[in-house]
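Coordinates only, no sequence provided:
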């Protein structure tokens, strides 16, 4: 009984092995068994054409496997560049864009003289654009998995274009789009670096104007906070001096006029913090009618006026409210000057920028110093603010002179 079972088992094993055995053939030339299913066609040309026919028929997965065989058996054949190009096209048809990009890049690295060079670069550019469009659509969505991944891949593929065709028109555009991908992901410092490469390495291209504007925009967005709690970014105020000449005269003239107005308002705001707010008339001794007449000439709100009337020490309350008003005005004016100067620095003459930067620093020091002292519950040291104010005056005079000269020359 045991022998019969063993014999039957052996028969089953042989029958199961027959399909596999049918794929193997003994080759005297190599002295070994060869799996015919894994063997390529008789020549590199036939193998390539077979893979291409499968692609045309829509059998992309089998076609891709045949390009694998070409890689394995005909890697050094002169047609290997054609196989890589076909492989990239098949991967695109399968929707494997990143694999296709890497295949095209491998083709260009291994075969820099291939006749498929321009076509491969064109495919790379298309893949980059597809990733970019997909990424921008995802960024519009409130919730999306791997929201920034397509933009990251777009930057990677655009980088391949720049690497393969440096200093060409297509490379300039690709370099600009690398900056756009970082800007869309709110990576402003990285974006600024890429935009600056366009300006410096592709200065004769059609993308310099857009890159210059985007560069200044990224420096501003990368440095500004919602609150005025920092001195201006060095990068922001130095962004693209040559962009000035690309703007028509009217916007520059208007920018200079507005800058001058905001400068004067900011300095006058700091000046308003200097006086000790001494009330020459003792408000505590004024009769009601005289007090109401006095209050009609001040810019207090109705609530503040009523609170002063009922205050125990009217002189102290008046100084407190006036100080707060002046502080709010000064902070707002300084912030306006800072934001306008930084955001419009590319419209401003390069001789004016250093003075604006120096003045902005002094204004900021005045505001921050006052803010810190108030937070600590101590009296504001008006002498220190007055000292900073005195340092602003000669800068203001120089700026006035330069702005006047610039306005006359436009």
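Nice, I can see it. The structure presented is a predicted model; accordingly, all values stated were derived computationally and were not measured.

from here on, contacts and neighbour counts on C-alpha atoms
Will do.

Check the average confidence over stretch 173-182, would you?
Taken as a whole, stretch 173-182 has a mean pLDDT of 93.

Next: stretch 136-147.
76.

Now that stretch: buried residues?
If you call a residue buried by 16 or more other C-alpha atoms under 10 Å, then stretch 136-147 has these buried ones: 136, 138-139, 147.

doesn't residue 320 fall inside a helix?
Yes: Residue 320 sits within a helix when classified using DSSP: H, G, I helix; E, B strand; the rest coil.

can you count the residues close to it?
Residue 320 is flanked by 12 other residues according to other C-alpha atoms under 10 Å.

State the distance from it to residue 311.
12 Å (C-alpha to C-alpha, to the nearest Å).

Residue 213: neighbour count?
Around residue 213 there are 15 residues (other C-alpha under 10 Å).

correction: residue 293
So residue 293, with other C-alpha under 10 Å, has 10 neighbours.

next SSE after the helix or strand encompassing it?
According to DSSP states H and E, residue 293 maps onto helix 288-295. Downstream of helix 288-295, the next assigned helix or strand under DSSP H and E is helix 302-310.

before we move on, back to that, from the buried residues of stretch 136-147, which single one is nearest residue 307?
For the buried residues of stretch 136-147, the closest approach to residue 307 (C-alpha to C-alpha) belongs to residue 139, at 50.8 Å.

doesn't residue 148 make contact with that closest one?
Yes: at 7.2 Å, residue 139 and residue 148 qualify as touching, with contact defined as C-alpha atoms under 8 Å.

So for the closest residue to residue 127 other than its chain neighbours, what's the pLDDT?
Distances taken as C-alpha to C-alpha, 6 or more residues apart in numbering place residue 97 nearest to residue 127, at 6.5 Å, with adjacent residues excluded. At residue 97, the predicted lDDT confidence score is 94.

shaky segments in the stretch 201-350 of the chain?
Within the stretch 201-350 of the chain, the ranges that satisfy pLDDT under 70 run 219-257, 259-260, 269-281, 298-299, 327, 329, 341-342, 344-349.

ok, now with 80
The stretch 201-350 of the chain contains residues with pLDDT under 80 at 212-213, 215-282, 294-300, 316, 319-350.

Tell me if I'm right that residue 101 and residue 124 touch.
Yes: the pair residue 101 and residue 124 passes the contact test of C-alpha under 8 Å, sitting 5.8 Å apart.

Pull up the overlap in contacts between these two.
Counting by C-alpha atoms under 8 Å, 6 or more residues apart in numbering, the contacts common to residue 101 and residue 124 are residue 157.
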